[in-house]
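J.: Give the three-dimensional model of this entry:
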Amino acid sequence: MKKHYIFLGFGGAALALTLAISQPYIVMLYEFFQLKAYVGFDPEADIPDQIIPTNDEIITTDMPTRISNYESVQNKDRNAYFGDLHVHTALSFDANALGTTATPSDAYRFAKGEAIDHPSGFPMQLDRPLDFLGVTDHASYLGVNYKAERERLSFISNKLSNALYGINAEGNNHWTKNSRRWLAYGLSFIELTAGIQDGSIDHDDLSKISQDAWLDTIKAAHAHYDPGTFTTFVGFEFSSATDAASMLHRNVIFRSSTRFPKEPFSRFNSQNPEYLWDWMDGLRDQGIESLAIPHNSNYSNGQMFELEDWADNPIDDKYAEQRLRNEPIVEITQVKGSSDTHPLLSKNDEWAFFEIDSAENEGSYVRTALLRGLSLDAKGIVNPYKFGLIGSSDSHVAASSLKEENYHAKLGVVDGTPQARGSVPLTGSRLFFEKTFLPPLVREIDGRVFENMGAITRGSAGLAGVWAEENTREAIYDAFRRKETFATTGPRIKVRFFAGYDWSDEMLKSEDMVSTAYSSGVPMGADLLSKNGKSPNFLIWAVRDSLGAPLQRAQIIKGYVRGGKHNEIVYDVACSDGLSPDPTTHRCTDNGATVDLTDCSISTDGGADELITLWQDPEFDSAQDAFYYVRILENPTCRWSTWDALRVGVERRTDIPATIEERAWSSPIWYVNANGVNVEVQ
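T.: All right, here's what the predicted structure looks like:
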C-alpha cells in the first residue's frame, strides 16, 4: 500500500511537470487560433468617413526659458544635419502590444546619445547623437494600449482588457508570449474599432486618453529641445488606408513651438488624406504650420501616387496645389524597404534591386511618381509630385537601428532576436513547436528551418538629411519646406546638389564654391528655369560618413517624358579611385572593393572619401522638361542578416543577399521650360 502511494506521488509530479512544460505551447496554440478568427476582419475598410467630428480646438504650451533665450548663430552656406522623423514609442498601440515600454522622452534620450533598453532586454545606443528627432506615434488610439497595459479600463471588453493588462510585465518578453502579443495587437485595433462603430465604446473615453498622451508628447519634445545642439519636432502618424487595406500613411510634423491642435487627426476623423490636408490648411489659417510626409509608398498597392483623387476623379490643379502645400517631402527609405523604384519598373537600373519588400505597382514608387508629375505638367495640370526626399526609421522600439552590425529590427519582442527575424535557423523547442503546429510560420532553406514572418526582407532603416542655417526647429523645418533635403540608408553621407549655367571646373577649386552655387544657381528641391537653350551645369558633391564605408560612385537619375511615354536614364557622373565613367555606357569601372564574409571586414584600398564633379547632360534637350536627382553608392558592406549569422556562428542564408551598398539620395532639381518659353535667370 505504501509503495502504491509513492508511485502515485511520482506519477502526479510527472504529470504536473509535463503540464507545466506544455502549458506555454498549449496557450500559444489557443491564442493563435483565437487570432486566426480575426484574420479576415478588415477594420480599416469598415470605418466610414468622418464618424467623429474634427476637433480644431487649440492648446497653448509654454516654452522653457533656455529655448526662448537662444541666440541665433547662422551659416549662410548651411550645414548638414541628420535626424529621424518616424519613431514610435509605447504610446503607439502596436508598439506597446509588441513589447515597447519606452516613452517619447526615452526616444529623445536615445537620439541624444544615451542607451535605452530594447524590449528583448539588451541595450541600444547610437555611435553618435542625431541632430534632430520627431516622435510620430499613431494618432489612432494614441496612448490607449499604454494605459490599458497598466490599469483595467472599464469601458473596454474583458477580452481586450485581459489581452492588454500586464502584457509588458517582467518576464513577458519570451518568444512563447508572441502569440499573446499578436492577439493583443489584433484585438486592440479590432475591438476598439468595432466598439466605436456599434456604440458600445464612447469615443470621448478614448479621446481623453489620447489628448493626455498628446500633451505628454508635446511636453517631452519641449523638454529635450536644445536649440543649436539638438532639435525636437512635435508630430504624429496619420495611418490611413484604402478599402483594399493599401497603406496611405503620413507623418505630420509641426513647426510651432507653442500652439497645437488639442488632438491629432486620425483615421477616425477620416481615412481620406484630402481631409487631413483640409485640417492642416485650417490650422494654417490659425497660424499653426505643419507638413505631412508620405511614407512606405511601396506598401500602398499603387495608391500613394495615383492619377486620381480619393473619389476617383482625375487629378486637377486644386488637388495638386493642396497636395504640394501640405506634402513637400516624401520618405524614400525606411526599415520596411526602399520606395525609390523596383527592378521591374527600372529595368536599366542595375542598382534598383535594393531592400525590395513589396510588389512593382507603379503608383507605389518615388521615381514613377516624379515621372507621372511630368506627364501631368505636360497636359497643363499642376504637378502634384514635386517633392523632396528624406529617409527615416519607422522604429517601433523608440530607437533607430541605423547600422547593419547593430540591427535590432522593428517590432520589439517579436523580431528582436536573429531567430525571430529569420536570419539564423530555429532550434530546440521553438523549432519543434512551430514546425509541428504552425508550419505557415516557418520556411525550410538548404535543410534548415527559419522563421517566415517577413522580417528577413526588411532593411536597417534610414536617416533624413537637411541643409539648414542652424540646428533649430525653424531653420530645419524651413529646409523641409524648400525641399533642400536628402535621404540615406543609415550612414551620414553628406550630399550637395546644385544646378546653374555657365559654370566651369574652376568653380570646384574655389573656396566660395557653395556660395557661388547658391547665388548663381539653385539647390536640390528647386526649379531651374531654362536660359536661352543653354545646357545647365550640375554640381554634385558627396562626402563619406567618417564611420562608414568609402564612397564608390555618384550617379544622376534623369526622368523625362517623350511622346507621352516615361523615360529614365541612370548616369554615373563621378567614380572613385581616379576612374572615369565610360562615355558610351555611362558607367564607372568596378573599383574592386570587396567584403570578407568570414568577418565582414572590407577592403581598404578602394573607394573615396569625397566625390565631386561638374556635369552636363549628354542628351540634354532644352525644350524638354526633366527632373534630375543624385544617388550616392558606398562600397559593399555586410547586410544585417550576414552580421547576425556571423555573430551566432552559423552559415548565412543563401537566398538573401550577403552584402548591400548603402546609399544616399538627393532631392530632385526640375529643369523647367514651360510651353517652350525660355526664361532668363537673374
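
J.: which residue is nearest the middle of the chain?
T.: Central residue of the chain (Cα atoms, centre = their mean): Gln334, 3.5 Å from the mean position.

J.: can you map out the helices along the stretch 1-150 of the chain?
T.: 2-36, 65-68, 93-97, 104-111, 144-150 (DSSP state H, counting those that start in this stretch).

J.: helices or strands next to the third one in the packing?
T.: Okay, so that is helix 93-97. Counting contacts by 3 or more Cβ pairs under 8 Å, 6 or more residues apart in numbering; DSSP states H and E, helix 93-97 packs against helix 144-150, helix 178-198. Placement of C-beta: from N, CA and C, glycine included.

J.: Give me the contact list for the shortest one.
T.: Contacts of helix 144-150 with the rest of the structure, by Cβ atoms under 8 Å, 6 or more residues apart in numbering, involve 90-93, 96-97, 153, 156, 160-161, 164-168, 184, 188, 192, 206, 209-210, 213.

J.: buried subset of those?
T.: For these, a burial check counting by 16 or more other Cβ atoms under 10 Å picks out 90-93, 96-97, 153, 156, 160-161, 164-165, 167-168, 184, 188, 192, 206, 209-210, 213.

J.: Tell me who's in contact with the nearest residue to Gln624 once chain neighbours are set aside.
T.: Excluding the flanking residues, the one nearest Gln624 by Cβ to Cβ, 6 or more residues apart in numbering is Tyr560, at 5.5 Å. Tyr560 sits next to 374, 567-568, 621, 624-627 when contact means Cβ under 8 Å, 6+ apart.

J.: which helices and strands does the one helix or strand Arg372 maps to pack with?
T.: Using DSSP states H and E, Arg372 sits in helix 366-378. If contacts are counted by 3+ Cβ pairs under 8 Å, 6+ apart, helix 366-378 sits against strand 329-334, strand 551-562, strand 565-575, strand 626-634.

J.: would CSV of those strands with mean pLDDT and distance to Glu434 be doable?
T.: Converted to CSV, the helices and strands packed on helix 366-378 look like this (pLDDT from 0 to 100; distance: least, Cβ to Cβ, whole Å):
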stretch, mean pLDDT, distance to Glu434
strand 329-334, 97, 28
strand 551-562, 97, 40
strand 565-575, 96, 42
strand 626-634, 98, 37
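
J.: which stretch among those strands comes nearest Ala526?
T.: Judged by Cβ to Cβ, the one of the helices and strands packed on helix 366-378 that comes nearest to Ala526 is strand 626-634, at 11.3 Å.

J.: Okay, angle between the closest one and helix 366-378 too, please.
T.: 170 degrees (axes from the mean of the first three to the mean of the last three Cα atoms, to 10 degrees).

J.: what number of residues lie near Ile556?
T.: By other Cβ atoms under 10 Å, 23 other residues sit near Ile556.

J.: didn't it look like it was pressed against Tyr571?
T.: Yes: using Cβ atoms under 8 Å, Ile556 makes contact with Tyr571 at a distance of 4.8 Å.

J.: And Val234, which helix or strand is it part of?
T.: Mapping Val234 onto the secondary structure by DSSP H and E places it in strand 231-238.

J.: quick one on the thing from earlier: partners of whichever helix or strand comes after the helix holding Arg372, with directions?
T.: Going down the chain from helix 366-378, the next helix or strand is strand 388-391, by DSSP H and E. Sheet pairing of strand 388-391 (DSSP bridges) gives strand 329-334 (parallel).

J.: Using PDB, write out every CA atom in the strand it pairs with.
T.: Only the C-alpha atoms of strand 329-334 are listed here, as PDB (Å, rounded to 0.1, in the frame of the first residue of the first chain):
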ATOM      1  CA  ILE A 329       8.700  65.900 -48.900                       C
ATOM      2  CA  VAL A 330       8.400  62.100 -49.100                       C
ATOM      3  CA  GLU A 331      10.100  59.300 -47.200                       C
ATOM      4  CA  ILE A 332      12.100  57.200 -49.700                       C
ATOM      5  CA  THR A 333      13.700  54.600 -47.400                       C
ATOM      6  CA  GLN A 334      13.000  53.000 -44.000                       C
END
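
J.: and the strand holding Val234 with helix 104-111, angle?
T.: Strand 231-238 runs at 130 degrees relative to helix 104-111, counting by the same axes, to 10 degrees.

J.: Can you get me the centre-to-centre distance for strand 231-238 and its chain?
T.: What separates the centre of strand 231-238 from the centre of its chain is 13 Å, taken as Cα atoms, centre = their mean, to the nearest Å.

J.: What average pLDDT does it get?
T.: The average pLDDT within strand 231-238 is 98.

J.: same check, this time on stretch 193-205
T.: 88.

J.: and that stretch, which residues are buried?
T.: 193, 195-196, 201, 203.

J.: Closest one of the residues you listed to Arg259?
T.: Closest to Arg259, out of all of those and judged by Cβ to Cβ, is His203, at 24.4 Å.

J.: In the protein, where is pLDDT below threshold?
T.: Along the chain, the model assigns pLDDT under 70 to residues 1-56, 243-245, 674-682.

J.: Leu345 contacts Tyr365, doesn't it?
T.: Yes: under the criterion of Cβ under 8 Å, Leu345 makes contact with Tyr365 at 6.3 Å.

J.: which one of the two has more residues nearby?
T.: Using other Cβ under 10 Å as the criterion, Leu345 and Tyr365 rank with Tyr365 on top: 27 against 19.

J.: so what's the more buried one up against?
T.: 297-298, 305, 339-342, 345.

J.: Show me what counts as buried in stretch 425-438.
T.: Burial within stretch 425-438, assessed by neighbour count using 16+ other Cβ under 10 Å, is assigned to 425-426, 430-431, 433-434.

J.: should've said stretch 567-576
T.: Under 16+ other Cβ under 10 Å, the buried positions of stretch 567-576 are 568-576.

J.: Could you dump those into TSV with distance to Thr604 added?
T.: Listed next are the buried residues of stretch 567-576 as TSV, based on distance: Cβ to Cβ, whole Å:
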residue	distance to Thr604
Glu568	35
Ile569	33
Val570	28
Tyr571	28
Asp572	23
Val573	25
Ala574	21
Cys575	18
Ser576	13
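
J.: nearest to Glu321, of the residues you listed?
T.: Glu568 (26.1 Å).

J.: count of neighbours near Leu597?
T.: Other residues close to Leu597 by other Cβ under 10 Å number 14.
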